[in-house]
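**Q** here's a sequence, model it:
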Amino acid sequence: MQTLEEDIKELIIEVLQLEDIGPADIDSAAPLFGDGLGLDSIDALELGVALQKRYGITLSANSEETRKHFASVQALATLVANHKQ
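**A** As a prediction, this is how the structure comes out:
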């Protein structure tokens, strides 16, 4: 799971063009939105498209479950791992 988390961190940095941040700077358990990484709804949309392209995951934009998956890098890694099975 650790490698998957690192891959997702790199994907976040690449897709959202976070130039001053490295994977080690992102806490896997920290919130992606608000006080954590500080992402917004546009970032979520871009990240959702990237996850769909890379991992074949389809997410519903208005789903409460999708919001839970986007809570942290750990939550996204769990989603991707479960989708692969």
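
**Q** quick one: contacts of the helix-or-strand element of the chain with minimal mean pLDDT?
**A** Least confident element among the helices and strands of the chain, by mean pLDDT, DSSP states H and E: helix 64-69 (a mean of 85). Residues from elsewhere that reach helix 64-69, judged by CB atoms under 8 Å, 6 or more residues apart in numbering: 48, 59-60, 75-76, 78-79. To be clear about C-beta, it is placed using only N, CA and C from the backbone, and glycine gets the same treatment.

**Q** now it: buried residues?
**A** Using 16 or more other CB atoms under 10 Å as the test for burial, helix 64-69 gives H69.

**Q** any chance you could map the helices in the chain?
**A** 2-15, 41-55, 64-69, 73-84 (DSSP state H).

**Q** now those in a markdown table, with distance to P31?
**A** Converted to a markdown table, the helices of the chain look like this (distance: least, CB to CB, whole Å):
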| stretch | distance to P31 |
| --- | --- |
| helix 2-15 | 13 |
| helix 41-55 | 12 |
| helix 64-69 | 11 |
| helix 73-84 | 10 |
